[in-house]
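Undergrad: need a structure here:
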Amino acid sequence: MLDLNPRILRPIAIMNPTTSAFNEYSTIRRIALRKPEEAFHGQQRIDEQWKRLHYTSRPDFEKAAQEHRQFREIFASEGIELVMIPGSSELFLDSIYVRDSMINTPEGIILASMGKAERTGEPRVSAKHFESCGFSILGSIEPPGKIEGGDLVWLDQTRFAVGLGYRTNQEGIRQLCEMLGPKYQVEVCVLPHQQGPEGVFHLMSILSPLDHGLVLAYSPLMTVPFRQMLVESGTHIIDVPDDEYLRMGCNVLAIAPRKCLMLEGLPKTKSLLEENGCQVMTYQGREISEKGEGGPTCLTLPLNREN
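TA: Numbering: from 1, shown residues only. This next block holds a predicted model:
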């Protein structure tokens, strides 16, 4: 039984960190997702929750299930192992966006402390499944600390960036750094007000690594120090056009170096990626992405990338 009371949990089975790369662009070998059937449960649950959760419009359950099946088939066709996280009656529609409730690190999985009240049950439900699969649970972020997985981007094996905003606060970052220890370096990016506390905005809303030294970004919403840090480290930034940023053009999942997955219907961004040597795959995500404002990085949690 997983004891969630202590902040530091005893690891039960170690994933050797040397067997997995911690960045956002190496070849994915294993990835976690949650089906709409487990997150939405049915049309009635959608009808009860979508306005409360500030979805842009009402998702269609059957169409969402079909879109997600096609989404999963993309990973399967690439030889990526799928880890399907079960749901629970206590979870809300947003639980389909599995990236946010856990942080995968070289030391083990850290359970997030969600910035959105309706999502507070997600880390506990997901942790039970990952424990049963033999993953190491390093610890959990405890209130008043807040942190969500979409605010953390691995830059390399010992360095990560974290967004400081409405979903992640200073105390959450402090606890995360304390758990990981001094060998890890954090780069903090202060996030803008944007749509306010109820909006869907993480660091990964404006930053998607594509390869070593190459990122897709939306510079107008980046702080000057953070952007300068990227440039001074030798990183080339592909800037998303303004109109396509608003349609999640910056939310792109690298499944291998310069091989990425993005929402369909973003031709300008797709062309920019291809001009920079990227192979681009697209998926239909009207129901599972656009209406809940969660792109491919939100829908997935990469568990192992090729070292």
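
Undergrad: Every contact and neighbour count from this point should use C-alpha atoms.
TA: Noted.

Undergrad: From G145, how far out is G295?
TA: With distances taken as CA to CA, to the nearest Å, G295 is found 25 Å from G145.

Undergrad: of those two, who's got more company?
TA: Relative neighbour count places G295 above the other of G295 and G145, with 25 against 21, counting by other CA atoms under 10 Å.

Undergrad: Residue ranges in the stretch 1-150 of the chain under the pLDDT threshold?
TA: 1-19 (pLDDT under 70).

Undergrad: Now with 50, please.
TA: Under the criterion of pLDDT under 50, the regions of the stretch 1-150 of the chain flagged as low confidence span 1-18.

Undergrad: Could I get the full set of strands for it?
TA: In the stretch 1-150 of the chain, the strands defined using DSSP state E, counting those that start in this stretch lie at 28-33, 81-84, 102-105, 108-111, 137-140.

Undergrad: what would these look like in CSV with mean neighbour count and distance to P241?
TA: What follows is the strands of the stretch 1-150 of the chain, written out as CSV (neighbours: other CA atoms under 10 Å; distance: least, CA to CA, whole Å):
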stretch, mean neighbour count, distance to P241
strand 28-33, 20, 27
strand 81-84, 16, 32
strand 102-105, 24, 29
strand 108-111, 24, 34
strand 137-140, 25, 37
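
Undergrad: and the residue nearest to L176 when sequence neighbours are not counted, what does it touch?
TA: Once its chain neighbours are removed from consideration, L176 has its nearest residue in I141; the separation is 7.0 Å (CA to CA, 6 or more residues apart in numbering). With contact taken as CA atoms under 8 Å, 6 or more residues apart in numbering, I141 is in contact with 7, 110-113, 147, 172, 175-176.

Undergrad: from those, which two are the most distant?
TA: Farthest-apart pair in the contacts of I141 is R7 and I147; separation 14.1 Å (CA to CA).

Undergrad: and the strands of the stretch 1-150 of the chain as TSV, adding distance to Q195?
TA: Listed next are those as TSV, based on distance: least, CA to CA, whole Å:
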stretch	distance to Q195
strand 28-33	27
strand 81-84	31
strand 102-105	24
strand 108-111	26
strand 137-140	28
